[in-house]
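Colleague: With the input below, show me the fold.
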Amino acid sequence: MRKDRTFLILKILMLFAVLEIFCFALSTQAEIINTPLSEKLNWDNTNPVSPEPPTGEEWINVTLPQEMFFSSDPMLQHLVVKSKNYTVTNHSGRPVRVSVEDFKLTGANGVLKNLALYGRIPNNAQAAEIVKLYADDGSGAGIFGQTLLELDSPAPNPSGLSAFGHGEIGTLAFEGETLSEWQQGWLGSKAKYVELDSSLKLRLTALNLDGGEWSPAPDPDAPVNNGDGTIDFMGKKWSVIKGPEKMGEGNYMIAMRESIAFVRFHDTFDRYFERRGLPVGGSLGANGYNNSLVRSILREWSEDNIWGTSYEKYILTASPYVITHTLFWEWGGFSNSVFLRLNQPEAFPTTAASGRWPTAFLMSGSDVSNGEGIYGDLTEEALAHLKGLASKGIKYMWLRSPGNSDSYAASLDLNFSHVDVHRVDNPISLVPSLVVHID
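Modeller: Down below sits the predicted model:
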């Protein structure tokens, strides 16, 4: 005589994301470990001293069960729902938190009273973490995001301490109750074999070595705002000349507090512009900043120190506007009044946008002047920059604007609190400026 075995079985299909690849429980794969990341990046996410990745997800290296089953217990008259303990193992170089992301269950009405998922640490006396997955009356169930397990990394912590002190292995198990009506039907032999459709999604979160929320290590090559009018960048200290209120959100115009060269403005010419009436590129002059020696040196310096480096991503492409020689003569040519007009803040300021090949530039009179006084008084930021240069023994530096006479370009001079001028054929310090972005 064959004995019928009728009992409640709920099958849990687990969905687990690994590097945007979704693996379902019906896969023949025995376990899920996200080793492809290490292969792709040649980076070991099991080593706690590996460099910090862009996001914490790259640290995740965890083995989860492919399938999880639970059923009503015939030894308890099918009143209780249980499962075996399913093992979760952390292989990551960081502690990992396991929480419930989502749970879906269909067909449970009239069968289940409640269902919960328990997270436990083997050989640990602490109470289990419990997430209520389902309740027939809707009370307190479906509140996801709760922590089930917090697992240590199996690798030695560089600090000598573990985050939680209980190891890298945890277990998950289901527990619940059936409805008395269903159980009575079972005793009356009215119940049939019941299989419910359900799915469970877990979230794995990498943590810091101390068990706190993960945060990326700061990029050592990123610009750092010191909050005192200076920014540290490229191993140098830079003065903040303009902040986000003028350059755009997160953008800063900065000038190095060092010189990269002591040079003439032009290589061979002794005038800033062509003389009036001479063609551009003639032998008796030069076409201002665009064809200057200082600009070519700044480009070479950018090629050597910015392009293709880890600094480049923080530097915006600047547009160092300059007045053309044609417009300059239309304004009246070299004079104190035109010089002041050139140094108005809105005349020829440097702007910036994203783009390729960010290049250092010379600031203009508009960048450093408030437009007041006879020549254009310096802003507080420009005066602070001069003081910073003085600490390095630098007293004069080039600006890109024309001067008030045809043999002069604009400059900054430690002895004056306004935009000054200097002969284009006499060398002074060349100080690079950049526009950088800080999140």
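Colleague: so what's the residue nearest to Trp214 when sequence neighbours are not counted up against?
Modeller: Leaving aside its chain neighbours, Trp214 sits nearest to Gly56 (3.9 Å; criterion: CB to CB, 6 or more residues apart in numbering). All C-beta atoms are positioned from the backbone trio N, CA, C, and that covers glycine. Neighbouring residues of Gly56 by CB atoms under 8 Å, 6 or more residues apart in numbering: 94, 205-207, 214, 216.
Colleague: ok, now Val240?
Modeller: By CB under 8 Å, 6+ apart, the contact set of Val240 is 225, 229-231, 252-254, 381.
Colleague: Please identify the helix or strand for it.
Modeller: Taking DSSP states H and E as the definition, Val240 sits inside strand 236-242.
Colleague: how distant is that strand from the center of its chain?
Modeller: 22 Å (CA atoms, centre = their mean, to the nearest Å).
Colleague: Over to stretch 342-357?
Modeller: Distance of stretch 342-357 from the chain centroid (CA atoms, centre = their mean) equals 27 Å.
Colleague: Now do the buried residues in that stretch.
Modeller: Going by neighbour count (16 or more other CB atoms under 10 Å), the buried part of stretch 342-357 is 342-345, 347-352.
Colleague: Just read off the phi/psi values of the residue nearest to Trp214.
Modeller: Backbone torsions for Gly56, taken as degrees, to the nearest 10, come to phi -70, psi -20.
Colleague: circling back to that earlier point, can you tell me which of the contacts of Val240 are in strands?
Modeller: Within the contacts of Val240, residues falling in strands by DSSP state E are 225, 230-231, 252-254.
Colleague: For the stretch 201-350 of the chain, give me the ranges with low pLDDT.
Modeller: Where the stretch 201-350 of the chain drops to pLDDT under 70, the residues are 274-287.
Colleague: Helices of that one, residue ranges please.
Modeller: Assigned by DSSP state H, counting those that start in this stretch, the stretch 201-350 of the chain shows helices spanning 244-247, 293-305, 325-331, 336-342.
Colleague: Same list (those helices) but as TSV, adding distance to Pro358.
Modeller: Compiled in TSV, those are given as follows (distance: least, CB to CB, whole Å):
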stretch	distance to Pro358
helix 244-247	14
helix 293-305	7
helix 325-331	27
helix 336-342	25
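Colleague: Under a three-state scheme, what state does Gly119 occupy?
Modeller: strand (DSSP: H, G, I helix; E, B strand; the rest coil).
Colleague: so what's the closest residue to it other than its chain neighbours up against?
Modeller: Spatially, and ignoring its direct neighbours in sequence, Gly119 is nearest to Leu148 (3.2 Å; CB to CB, 6+ apart). Going by CB under 8 Å, 6+ apart, Leu148 touches 98-100, 117-119, 129, 131, 170, 172, 202.
Colleague: For these, which ChimeraX command selects only the ones that are buried?
Modeller: In ChimeraX syntax, the buried subset of the contacts of Leu148 is picked out as below (16+ other CB under 10 Å):
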select :98,99,100,117,118,119,129,131,170,172,202
